[in-house]
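[1] Okay, predicted coordinates and the sequence, questions at the end:
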Amino acid sequence: MNTLSKFPGRGGLRLVGPLALACSVLAGCSGDGSSSTSASTASGSGGDSATSASTTGAGGNAASTTSGSGTTGAATTGSSSGSTSAGTGGMPMNCSALPLCDDFEAATAGGPPSPSTWAIVSPNCGGTGTIAVDDTVAHSGTRSVKVTGKGGYCNHVFFVNTTAPAAVGKDIYGRYYLRLGGALGDAHNTLMTMKDTADNGKDLRLGGQKSVMIWNRESDDATLPELSPTGAGLSVSPTPQAWHCVEFLVKGSDGQMQTWLDSVEVAGLHEDGVPTPDIDGQWLNKAGWKPSLADLKLGWESYGNDDMTLWFDDVALGPARIGCN
Ligand code: CA
């Protein structure tokens, strides 16, 4: 059997519902991911603090879309930089107690990230993508992990941790700093992917398409948000060559997900269990999805032909929101 058909991406011939079809057929769809947006984000509230907030995801989910405040326009392309970066790059106080917390300072530049925590993998097929610790660019300290990503599925490469998700439990919060060498393109790419043993081992992926960040579920190729102009407009585009704090919550208990960029919740990347057109309507077509994550893979996988250099630093997984400080 053919690996490419076995592990399809979002590009090419796969269509994702009527809105995506319309978008793929009509010229000019791709550009508008940038406009509109903001809307949602309440952040401000408990969002930023490393501690509290979390507890049971329940309250947090609903509450967080209070909108109103999100006027920062953070979501328009190229902007999102904004606030964050407390500059210091210090880790949360309790990070070292979490099942996964790595600032990569203990690794050797030019070598792999710590083999006791990570392995470098190219599932199914391997190619030209490479990963090495880099001491020229860092969010914290002097080191980060550099991914030299290449276009084409089999050139994918990831560094993977296979123990932390199970140690965290069903509902998993993640936090890492991400620096992209260039802007996300129109084609579908993945920069984080996690094996879901409750979905036949298929991956839950976070990456980009239509120039904005999207979640993608390998098993049915659903995207969050939907790839309509409105949906894409409710997501964000990380500014190239700047560090961004990515946070996510994936709840195995009920399948809900939340995502924050630089401490601001991204409305288009929020699956709250209630189908909303342009956001999670398509995602929720798959009834009863409750992911059981078996690993965390960071790297680059392109279903088109997009090269990308990217860096990761200060990677953590835990049972509560970790925060960006
Ligand atoms: Ca570091």
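    Right, received. Where do you want to start?

[2] Now do the contacts for the closest residue to residue 145 other than its chain neighbours.
    Excluding its sequence neighbours, the residue lying closest to residue 145 (C-beta to C-beta, 6 or more residues apart in numbering) is residue 312, at 4.8 Å. Every residue, glycine included, has its C-beta placed from N, CA and C. Neighbouring residues of residue 312 by C-beta atoms under 8 Å, 6 or more residues apart in numbering: 144-145, 147, 176-179, 298.

[3] can you list those in a markdown table and add pLDDT?
    Formatted as a markdown table, these follow (pLDDT from 0 to 100):
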| residue | pLDDT |
| --- | --- |
| 144 | 98 |
| 145 | 98 |
| 147 | 98 |
| 176 | 98 |
| 177 | 98 |
| 178 | 98 |
| 179 | 98 |
| 298 | 99 |
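
[4] For the residues you listed, which entry has the maximal number of neighbours?
    residue 144 (30 neighbours; other C-beta atoms under 10 Å).

[5] Just grab the bridge partners of that one for me.
    Beta bridges link residue 144 to residue 134 when assigned by DSSP bridges.

[6] List the contacts of it.
    Contacts of residue 144 by C-beta under 8 Å, 6+ apart are 104, 133-134, 137-138, 177, 179, 311-313.

[7] Pull out whichever of the residues you listed are also neighbours of the ion.
    104, 138, 313 (C-beta under 5 Å from the ion).

[8] thought the first one was touching residue 133?
    This points to residue 104. Yes: when contacts are counted by C-beta atoms under 8 Å, residue 104 is listed as touching residue 133 (5.8 Å).

[9] okay, those two: which has more neighbours?
    residue 104 (27 against 21).

[10] Would you mind measuring from the more buried one to residue 118?
    From residue 104 across to residue 118, the span is 9 Å (C-beta to C-beta, to the nearest Å).

[11] now residue 286
    Between residue 286 and residue 118 the computed distance is 31 Å (C-beta to C-beta).

[12] interface residues of this structure facing the ion?
    With C-beta under 5 Å from the ion as the criterion, the chain comes near the ion at residues 103-104, 138, 140-141, 143, 313.

[13] can you redo the residues you listed as TSV with secondary structure?
    Output for those, formatted as TSV (DSSP: H, G, I helix; E, B strand; the rest coil):
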residue	secondary structure
103	coil
104	coil
138	coil
140	coil
141	coil
143	coil
313	strand
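
[14] So which of those residues wins on neighbours?
    With neighbours taken as other C-beta under 10 Å, the top of the residues of the chain next to the ion is residue 104, carrying 27 neighbours.

[15] Spatially nearest residue to that residue (excluding sequence neighbours)?
    Closest to residue 104 by C-beta to C-beta, 6+ apart is residue 143, at 4.6 Å.

[16] now do residue 322
    Nearest to residue 322 is residue 175, by C-beta to C-beta, 6+ apart, at 3.9 Å.

[17] so what's that neighbour bridging to?
    So, taking DSSP bridges as the rule, residue 175 has residue 247, residue 316 as bridge partners.

[18] ok, it to residue 116 distance?
    21 Å.

[19] The two: which is more packed in?
    Neighbours per residue (other C-beta under 10 Å) separate residue 175 from residue 116, with residue 175 holding more: 25 against 7.

[20] which residues sit in contact with the more buried one?
    Taking C-beta under 8 Å, 6+ apart as the test, what residue 175 contacts is 245-247, 314-318, 321-324.

[21] if you set the cut-off to 7 Å instead, what comes out?
    If you count contacts by C-beta atoms under 7 Å, 6 or more residues apart in numbering, residue 175 has them with 245, 247, 316, 322-324.

[22] Check residue 269 too.
    Contacts of residue 269 by C-beta under 7 Å, 6+ apart are 213, 215, 224-225, 235, 259.

[23] Most neighbours of all those, which one?
    residue 225 (32 neighbours).
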